[in-house]
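> What follows is a protein structure lacking sequence information:
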């Protein structure tokens, strides 16, 4: 007569149950904490939206819209006045405050020669130079119609900031 073999019952030890419960609580807590942080941040800044498309990050909060990219992002077409496109370097970020109509464009991988070429191009397209400073960064401020542009070049990091704002 053959003996029947019964499968052995494996007992779930209390330790395994405790570990599973702890993992579930931790996962739930992390998820809850993430939602709490997101809600607090949204309340602090008046709500925000993050959109990631085409290797760019678009962050909107209230009147402020910022686009940041790993690669060269497009020159903003919505500028309120004809501002020539900066040709040297890569555009890394564009911020627009629609409430005050202020624009800030960040450019990397550029040079002092490109900065000087851009300054000349601005003058040739009707911008009037107000001031220029060259210590330790190069800053030029110009005006056209009711708008002011400030171009700042930092030679060590090879970065440039273009800020456009209405003159009040």
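Ah, there it is. Just so you know, these numbers come straight off a predicted model, no measurement behind them.
> before we move on, which element is residue 58 in?
strand 56-61 (DSSP states H and E).
> Can you name the element that comes right after that strand?
As the chain continues past strand 56-61, the following element, by DSSP H and E, is strand 64-69.
> Pull out the buried residues from that next one.
By neighbour count, and taking 16 or more other Cβ atoms under 10 Å as the criterion, the buried residues in strand 64-69 are 64, 65, 66, 67, 69. From N, CA and C alone the C-beta is placed, and that goes for glycine too.
> Using JSON lines, lay out these together with distance to residue 167.
Below are those laid out as JSON lines (distance: Cβ to Cβ, whole Å):
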{"residue": "64", "distance to residue 167": "21"}
{"residue": "65", "distance to residue 167": "22"}
{"residue": "66", "distance to residue 167": "23"}
{"residue": "67", "distance to residue 167": "25"}
{"residue": "69", "distance to residue 167": "30"}
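> Near residue 126, how many other residues are there?
The burial count assigned to residue 126 is 11, neighbours taken as other Cβ atoms under 10 Å.
> returning to what we had before: tell me which residues of the strand holding residue 58 are tucked away?
Residues of strand 56-61 classed as buried: 56, 58, 59, 60, 61 (neighbour count, 16+ other Cβ under 10 Å).
> again, but for stretch 96-115
96, 103, 104, 105, 106, 107, 110, 114, 115.
> in which helix or strand would I find residue 151?
Residue 151 belongs to strand 147-154 when elements are defined using DSSP H and E.
> what's that strand in contact with?
80-81, 83, 110, 112, 115, 118-119, 122, 127, 130, 137-143, 159-167 (Cβ atoms under 8 Å, 6 or more residues apart in numbering).
> So which of those residues belong to strands?
Secondary structure defined by DSSP state E assigns 130, 138-143, 159-166 of the contacts of strand 147-154 to strands.
> Flag the shaky bits of the chain, pLDDT-wise.
Low-confidence segments of the chain, defined by pLDDT under 70: 1-53.
> Which residue ranges of it form helices?
When assigned using DSSP state H, the helices of the chain occupy the ranges 14-45, 112-124.
> Now for residue 118, how many residues are close by?
Under the neighbour criterion other Cβ under 10 Å, residue 118 is assigned a count of 23.
> In contact with the nearest residue to it once chain neighbours are set aside, which residues are there?
The shortest distance from residue 118 to any non-neighbouring residue, by Cβ to Cβ, 6 or more residues apart in numbering, is to residue 86 (5.6 Å). Contacts for residue 86 were tallied using Cβ under 8 Å, 6+ apart; they are 75, 105, 107, 110, 114, 118, 160, 162.
> circling back to that earlier point, can you list the buried residues of strand 56-61 in a markdown table and add distance to residue 154?
Compiled in a markdown table, the buried residues of strand 56-61 are given as follows (distance: Cβ to Cβ, whole Å):
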| residue | distance to residue 154 |
| --- | --- |
| 56 | 23 |
| 58 | 25 |
| 59 | 24 |
| 60 | 28 |
| 61 | 27 |
